[in-house]
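Novice: coordinates for the following, if possible.
(4 chains)
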Protein chains: 2
Amino acid sequence: MAVTLKDIAQAVGKSVSTVSSALNDYEDVSQETKELVRRVAREMGYMPNIAAQRLRRKRTDTLGWILPTFGPRFSDPFFSELLAGIGNESALNGFDLLVSTHAPGPDEDEAYRRMVSGRRVDGLLVVRTRSNDLRIAFLAEQGFPFVAFGRTQQDFDFPYVDEDGVSGMNLVIQHLIDLGHRRIAFIAAPPDLMFATYRLAGFRGTMERNGLPLDESLIVLGDLTQHTGHQAAGELLDRPDRPTAIAACNDLMALGAMAAAQERGLIVGQDVAITGFDDIPLAQHSHPALTTLHQPIYRIGRMICDMLIKCIRGESLPERHVLLQPSLVVRRSSGG
Amino acid sequence: MAVTLKDIAQAVGKSVSTVSSALNDYEDVSQETKELVRRVAREMGYMPNIAAQRLRRKRTDTLGWILPTFGPRFSDPFFSELLAGIGNESALNGFDLLVSTHAPGPDEDEAYRRMVSGRRVDGLLVVRTRSNDLRIAFLAEQGFPFVAFGRTQQDFDFPYVDEDGVSGMNLVIQHLIDLGHRRIAFIAAPPDLMFATYRLAGFRGTMERNGLPLDESLIVLGDLTQHTGHQAAGELLDRPDRPTAIAACNDLMALGAMAAAQERGLIVGQDVAITGFDDIPLAQHSHPALTTLHQPIYRIGRMICDMLIKCIRGESLPERHVLLQPSLVVRRSSGG
DNA sequence: TTGAAAGCGCTAACAA
DNA sequence: TTGTTAGCGCTTTCAA
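Specialist: A predicted model of the protein is given here:
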């Protein structure tokens, strides 16, 4: 059916290995032969059988990414933007991208094992790191190439890119304090997620540094969706001693919180300040536009992908640990 | 390094072919041997080398999906939900999912050619169909298995799932008319996209059936992002003879349109009605909540994936063409 | 019920 | 500069 090296060899009257060498642009083939082979290959519509290449070369030229999905209505603009970055960068380097979806949980490592032991991919991308991350422990133990978006609290070394959630949250909380807010609520995220921990720490630290009392009941837990942001803000705003500002751990929850405030007749940015984190495209086009911390999501996707490819190729990384500083984007929702 | 069939064969004192047959649960191996082989395989941590399997079996057990991404800030909640459906369904059937990103355009078919000719995948998923869709023409011509989300205007047959955009848009426009609206604007999407054409046709048809004049200047083109929804609605609302209702071709643009109205001090659902299409999770948590047409996005992902796997396996499809009826979800943004 | 042998399409060491 | 040979790990006749 499909054209193979053998067919080309026959057509040009050379051996299979010569054809292979010519196509791989090896030194020890005459320029003439190379050109002839390449021309004929193109004419015949040759495409290498990648299964055969993989078997022989013992590499797949494929990257793996296991997306942590939470239930069927998983719909996070953050991830689609990250995917765009990862997809483009891997394509640029001739790598395929194998994506698999899996809810976080105990049988999650099954998915990782499958990727690693089946030699389906040459390396893995890990996102949403957790303080004690079994996926990372597994990969490190196996000596399998991977790059993480996020740090952990395990005490071994691995390559990662992360944003500085502490200083990011510091910027936005300080911004609120400078605007005169004293009672600031925080919509937190599951504490096993590292970035949630950092952002919460940033909140606590900034409050403390400014000598502001920390009312623990003003820290409410969400799950990163607009739904829980909506709920959490509703509860906060229905209290008699309601906060004057609400900082959410991410944009999606902040957007939900804005809706909750508006349903109660409050003017966001005036009666109550609301802030997010991530700067997804929607943040700019909500009403009022959302004050948040900008993360170069697309660029992060490209970075972790690029680092992983370098690891796989055995090249050394210029920076094994990258910590990005999020920048504060002040819009109307904070009243600033 | 890794455990192979040969290692197991050695360990149990049988031949490689017997071990292979045992592991594949063939008839002609004794029960004893099967159990022995399986136990030892598990103990040794055997995982088949899929490159070798693929080379031999001449199939990849992999599905491909080329995501149409538009620029770096590609961030569409619709796609992440679709991905969740596709990912889960393919995993359930033992298929891997190869994802690649590519902007729509002339060199897009390169990406399709790569997937097909390199035999990287057994079948492809095509989304965002266009009226004259070269990707579909190519795949059909190659006789390569694929399932589309959306129809085309080409006159050959292929399996697809689609939503009935005409009747969907009909529902929501009729809803607006029933509320008393006469000057209804429409934020359209690029007309080469089939779904955009259907939705626009639904708008035109409903207006006409109700004997309402169609002011062509009230039809503005967007690109499906909240950004252009924002812009388009801004222009519409700044006109002296501004519309009393704006129907957007999708939710993201509707969300942008709502922000534009609110920036102008208008109360959405009262001073101006705004509607969307898709019912992404954000639609429910915007303020006011968005009147829109519900599509079972996750389920659509599972359906097209399931259909594709059936095609690959040579099973016949119970329904080769599925047309889903979107349901109207009336929320506050339409004032209904 | 089992095993020997062939070969999927490719690469790479080595010989010519 | 080119060709011969071997073999990656697996499946699948076919013969024993």
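Novice: ok, now which ones touch residue A:322?
Specialist: If you count contacts by Cβ atoms under 8 Å, 6 or more residues apart in numbering or on different chains, residue A:322 has them with A:160-162, A:303. No exception for glycine: its C-beta is placed from N, CA and C like everyone else's.
Novice: my read is that residue A:21 contacts residue A:29, right?
Specialist: Yes - contact status for residue A:21 versus residue A:29: in contact at 4.9 Å, counting by Cβ atoms under 8 Å.
Novice: ramachandran angles for the residue of the stretch 101-250 of chain A found nearest DNA strand D?
Specialist: Nearest to DNA strand D, among the residues of the stretch 101-250 of chain A, is residue A:119, at 8.7 Å (Cβ to the nearest atom of the strand). When quoted as degrees, to the nearest 10, the phi and psi of residue A:119 stand at phi 50, psi 50.
Novice: look at it and say how many residues are nearby.
Specialist: Neighbours of residue A:119 under the rule other Cβ atoms under 10 Å in any protein chain shown: 21.
Novice: what does the one 5 residues further on give?
Specialist: Residue A:124 has 23 neighbouring residues, counting by other Cβ under 10 Å.
Novice: contacting residues around it?
Specialist: For residue A:124, the contact set (Cβ under 8 Å, 6+ apart) comprises A:63-66, A:112, A:115-116, A:139, A:144-146, A:308.
Novice: list the contacts of stretch A:137-146.
Specialist: With contacts defined as Cβ under 8 Å, 6+ apart, stretch A:137-146 is touched by A:109, A:112-113, A:116, A:122-126, A:136, A:154, A:156, A:158-159, A:308, A:311-312.
Novice: then stretch A:172-183?
Specialist: For stretch A:172-183, contacts defined as Cβ under 8 Å, 6+ apart pick out A:184, A:202-203, A:206-207, A:210, A:212, A:215, A:218, A:241-245, A:247, A:273, A:275, A:277, A:291-293, A:328, A:330, A:334-336.
Novice: let's see it at 7 Å
Specialist: Contact with stretch A:172-183 is made by A:184, A:202-203, A:206-207, A:210, A:212, A:218, A:243-245, A:247, A:273, A:275, A:291, A:293, A:328, A:330, A:334-336, as judged by Cβ atoms under 7 Å, 6 or more residues apart in numbering or on different chains.
Novice: tell me which residues in it are buried?
Specialist: Under the neighbour-count criterion of 16 or more other Cβ atoms under 10 Å in any protein chain shown, stretch A:172-183 has A:172-177, A:181 buried.
Novice: mean confidence for the helix or strand encompassing residue A:172?
Specialist: Assigned by DSSP states H and E, residue A:172 falls within helix A:165-178. Average pLDDT, helix A:165-178: 98.
Novice: restricted to buried residues, select the contacts of stretch A:172-183 in PyMOL.
Specialist: In PyMOL, a selection of the buried entries from the contacts of stretch A:172-183 looks like this (16+ other Cβ under 10 Å):
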select buried, chain A and resi 184+202+203+206+207+218+243+244+245+247+273+275+291+293+328+330+334+335+336
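Novice: spatially, what comes nearest to residue A:184 if we skip its sequence neighbours?
Specialist: Excluding the flanking residues, the one nearest residue A:184 by Cβ to Cβ, 6 or more residues apart in numbering or on different chains is residue A:245, at 4.6 Å.
Novice: spit out the contact partners of that neighbour.
Specialist: Residues near residue A:245 by Cβ under 7 Å, 6+ apart: A:176, A:181, A:184, A:272-273.
Novice: residue A:119 too?
Specialist: Contact analysis of residue A:119 by Cβ under 7 Å, 6+ apart lists A:60, B:49-51.
Novice: next step: those restricted to helices.
Specialist: In helices, judged by DSSP state H, the following of those are found: B:50-51.
Novice: looking at the contacts of residue A:119, which is nearest DNA strand C?
Specialist: Ranked by distance to DNA strand C (Cβ to the nearest atom of the strand), the contacts of residue A:119 are led by residue B:51 at 8.4 Å.
Novice: can you pull the contacts of the closest one?
Specialist: When contacts are counted by Cβ under 7 Å, 6+ apart, residue B:51 touches A:51, A:54-55, A:119.
Novice: pLDDT check: weakest of those residues?
Specialist: Lowest in pLDDT among those is residue A:119, which has 88.
Novice: pLDDT below threshold where in the stretch 201-336 of chain A?
Specialist: By pLDDT under 70, the stretch 201-336 of chain A contains no weakly predicted segment.
Novice: SS state for residue A:323?
Specialist: The three-state label given to residue A:323 by DSSP: H, G, I helix; E, B strand; the rest coil is strand.
Novice: what bridges to it?
Specialist: Legend: beta-bridge partners of residue A:323 under DSSP bridges are residue A:162.
Novice: return the set of buried residues in stretch A:153-170.
Specialist: When burial is assessed from 16+ other Cβ under 10 Å, stretch A:153-170 yields the following buried residues: A:154, A:158-170.
Novice: tell me the one of those nearest DNA strand C?
Specialist: Nearest to DNA strand C, judged by Cβ to the nearest atom of the strand, of the buried residues of stretch A:153-170 is residue A:159 at 26.1 Å.
Novice: so after the helix holding residue A:172, what's the next helix or strand?
Specialist: The first helix or strand that comes after helix A:165-178 along the chain, using DSSP H and E, is strand A:184-188.
Novice: so residue A:10 versus residue A:16, what's the distance?
Specialist: Distance, residue A:10 to residue A:16, by Cβ to Cβ, to the nearest Å: 9 Å.
Novice: and if you look at residue A:285?
Specialist: Applying Cβ to Cβ to residue A:285 and residue A:16 gives a distance of 58 Å.
Novice: higher neighbour count, the two?
Specialist: More neighbours sit around residue A:285 than around the other of residue A:285 and residue A:16, counting by other Cβ under 10 Å; the figures are 23 against 14.
Novice: contacts only, for that one.
Specialist: B:226-227, B:230, B:255-256, B:259.
Novice: same deal with residue A:132?
Specialist: Residues near residue A:132 by Cβ under 7 Å, 6+ apart: A:152-154.
Novice: relative to residue A:83, how far out is residue A:330?
Specialist: Counting by Cβ to Cβ - residue A:330 and residue A:83 are separated by 29 Å.
Novice: quick check, pLDDT for the closest residue in space to residue A:15 that isn't next to it in sequence.
Specialist: Nearest residue to residue A:15, sequence neighbours excluded (Cβ to Cβ, 6+ apart): residue A:9, at 5.8 Å. Note on residue A:9: pLDDT of 91.
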